[in-house]
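J.: Let me see the structure of the following:
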Amino acid sequence: MRVRLAAVTVTLCLALGLVGCMMRPVPITGQASSTPEKEATADTHDSEVKAPAPQAISRGPERNAAFMLPGFSHTLAWSHEVDGRQGIAWSKGAYYVSGSTSLSRYDTDWKLQTANDDPFTGLSDEINHLGDIDVYEGRIYASAERFLDGKASNIQIAVYDAQTLGLVRTFPFDETSGQTECSGIAIDPDSKSIWLCSWEGDESGRYLYRYDLESGGYLGKVHLQAPPQWIQGIAYYEGWLYLTADDGTADLDEPDHVWRCRVDVSKTAWPVCLERTLDDVTQQGEVEGISFDPAAKQMLVSYNRGAQIVLGMPKGFYEGYDAEVHEVFAYDLARTTAPLDYALDESWAELPQTTDKNADTFFILPVVDMHATVPDNEGVFNLRGVARFTKTLAMERGIVAEATNVFAPLYRQATIGCFLGKDGTLDTSAPRIDGDSPYADLAYQDVRDAFTQFLAERNEGRPFVLFGFSQGADMVLRLVAELGDDESFAKGFVAAYTIGTTVTEKYVAEHPAVHMAQDANDTGVVVCYNAIDERATKPTVKQLAINPLNWHTDSTKAEADLNLGYVTCDTDGRVTKDEPGFCGAYVDEASGSLVVCDMKSDELYNAEAGVFQKGDYHLFDLALFYRNLQQNVKDRIAAFSAP
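T.: Numbers count the residues shown, from 1 in each chain. Predicted coordinates:
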């Protein structure tokens, strides 16, 4: 917030009688047409010539409604005084702060580790100001310029070593971009971009400016609609750019704000929505930089108070201050839980272009981001998140796509961090299906809402299969348990494939709508198994499973020649491996685990298990029996549709 000094310009526009001309016929009297095809003839010169009717475009509900909501609710967690007034960044357990003429690094307890009080060494002698900063792969990116009384010149992108804080290189600034000031910088690793923002409120402040992360070359600009006033900081988080705006007036105790816009480099303009009103830090100050700490799930905001700012420069102090106070405020983030609108096509990872198959599959995806190791829910209102869903879907959808129309909703699934213990390995005690997990409950809220909309508006009475793997299986099983006895559900329900989750006798007893598959052709049932080999620790509570090679629930061994194909696909859905007879399997009588045996090669036996123990084939539950599952979907649909 600052005192503004600006002239008021008033522009007068004349309507020239055009108001309403597109809403009603316009008579042409005594006026020659400007085009030959519209010249009046003896038969028509007294007739009324009608303008074209307005074009009606029907798109259903408001397409941007969900995207215009805040992504999080924010609770102020703590604040800490620092020695810099411009920017804040977090990376790998360290806080980085920029002052107008300094760089500093603090540890997680805010103990100063390193400081650079002369960051302009190696830059032009004209540089006197650093803005907001970002840190990426051991480098600090800073906006550098000469700034005086609201005017900037000699803008540069300066890159520093994150350990020594010494200058490493600079990227040239493109003067043809139209940017006349640079207040902040953000690194977007997903689009390999450097984003710059401008504090100036005229043409320069209407855009975000994009440079290539590798070469530093200018890539273009994006028009903000509508642009926040006096942008100070910028940060990239989960597919969105967040902007701090010094848009309140300090003398009136007006708050500043945080705004956000979804990154889509294919567009030239981005809608901007309000993320947070900073009404808890209004004490005669101004907001500056912004950053995010994903591990702590916190938004970090740099804030100054006490100094009276005129045209971007301190000009004395407010009453009660004899120096400006620089602080970092941390806000705990809780993901927005407002319902998604599944009437919108944008809320789906896949919808069929045509429904030319006689049956549908409602397809729920597993965890799509193995790097999100903090317990949370996946964001789905960004292109990065959507891409993860669609790439994962491409690798799995072939099991059902030959026989059915595929409907796969986006949903705020629980991240892999919800299932990991403190040592980073899978915590088998973590609540997955029905438990005290708010993350699983939010995910299921979305899945249930999507299924309700699918059944009411998209299915059109066709038989349907439910298909889910891992977390997707958890969600599908929960749907069957809740809705399986409903007549509207049961009349079209072919089967539910819940691969990679656990179903016990106790669970079935508590949920009478859940009926486990007993052979290859029964319908209205749940198909489930978890694949391991002899090395894995077997569960102490017996699972209910079926063997996808011989479709027996007992311990009868299925030889490898019954395996129709071990199949892997890439993220475009192309088959990269297809090996019939790859392995056999049997159901362990005591534990109910599906034990893989007689593997054709040891590639999976020796494969890196990641968060799973050796011998647990969870990541290959679908691939090992891909062709058998594919055929079984067809068989159960045929059995369901038989007279």
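J.: neighbours around the nearest residue to residue 558 once chain neighbours are set aside, how many?
T.: Excluding the flanking residues, the one nearest residue 558 by CB to CB, 6 or more residues apart in numbering is residue 549, at 3.4 Å. Bear in mind the C-beta positions are built from the backbone N, C-alpha and C, glycine included. Other residues near residue 549 number 23, with proximity taken as other CB atoms under 10 Å.
J.: Three-state assignment for residue 549, please.
T.: coil (DSSP: H, G, I helix; E, B strand; the rest coil).
J.: and it, what does it touch?
T.: Applying CB atoms under 8 Å, 6 or more residues apart in numbering to residue 549 gives the contacts 558, 562-563, 584-585, 625, 628.
J.: Let's see that with 6 Å instead.
T.: Counting by CB atoms under 6 Å, 6 or more residues apart in numbering, residue 549 makes contact with 558, 562-563, 585.
J.: Repeat that for residue 220.
T.: residue 210.
J.: partner residues bridging it?
T.: residue 210 (DSSP bridges).
J.: how about stretch 590-609: buried residues?
T.: Within stretch 590-609, the residues that count as buried by 16 or more other CB atoms under 10 Å are 591-596, 599, 604, 609.
J.: end-to-end on that stretch?
T.: Across stretch 590-609, the terminal residues are separated by 24 Å (CA to CA, to the nearest Å).
J.: same question, stretch 426-443
T.: 19 Å.
J.: Rounded mean pLDDT for that stretch, please.
T.: Stretch 426-443 shows a mean pLDDT of 74.
J.: do stretch 101-121 as well
T.: 94.
J.: Could you check the pLDDT of the residue nearest to residue 558?
T.: 98.
J.: measure it to residue 620 for me?
T.: Relative to residue 620, residue 549 is positioned 14 Å away (CB to CB, to the nearest Å).
J.: Next: residue 487.
T.: From residue 487 to residue 620 the distance is 38 Å (CB to CB).
J.: do the same with residue 94
T.: Residue 94 is 39 Å from residue 620, by CB to CB.
J.: now swap in residue 208 and tell me
T.: 43 Å.
J.: These two - which one has more neighbours?
T.: Taking other CB under 10 Å, residue 208 and residue 620 do not tie; residue 208 has more neighbours (26 against 18).
J.: what's the neighbour count on the nearest residue to that one once chain neighbours are set aside?
T.: Using CB to CB, 6+ apart and skipping the chain neighbours, the partner closest in space to residue 208 is residue 222 (4.9 Å). Residues lying near residue 222 (other CB under 10 Å) number 20.
J.: do the same with residue 203
T.: Residue 203 has 12 nearby residues by other CB under 10 Å.
J.: Which phi and psi values does the closest residue to it other than its chain neighbours adopt?
T.: Leaving aside its chain neighbours, residue 203 sits nearest to residue 178 (5.8 Å; criterion: CB to CB, 6+ apart). Dihedral pair for residue 178: phi 90, psi -10, per degrees, to the nearest 10.
J.: From residue 202, how far out is residue 178?
T.: In this view, residue 178 and residue 202 are 10 Å apart by CB to CB.
J.: And the helices in the stretch 251-400 of the chain, which stretches?
T.: 383-396, 398-401 (DSSP state H, counting those that start in this stretch).
J.: Quickly compare the ones you listed and say which is most buried.
T.: Among the helices of the stretch 251-400 of the chain, ranked by average contacts under mean count of other CB atoms under 10 Å, first place goes to helix 398-401 (a mean of 23).
J.: by contact count, what packs against that helix?
T.: Helices and strands touching helix 398-401, by 3 or more CB pairs under 6 Å, 6 or more residues apart in numbering; DSSP states H and E, are helix 626-641.
J.: can we see that at 10 Å?
T.: strand 360-364, strand 405-409, strand 464-469, strand 493-499, strand 566-569, helix 626-641 (3 or more CB pairs under 10 Å, 6 or more residues apart in numbering; DSSP states H and E).
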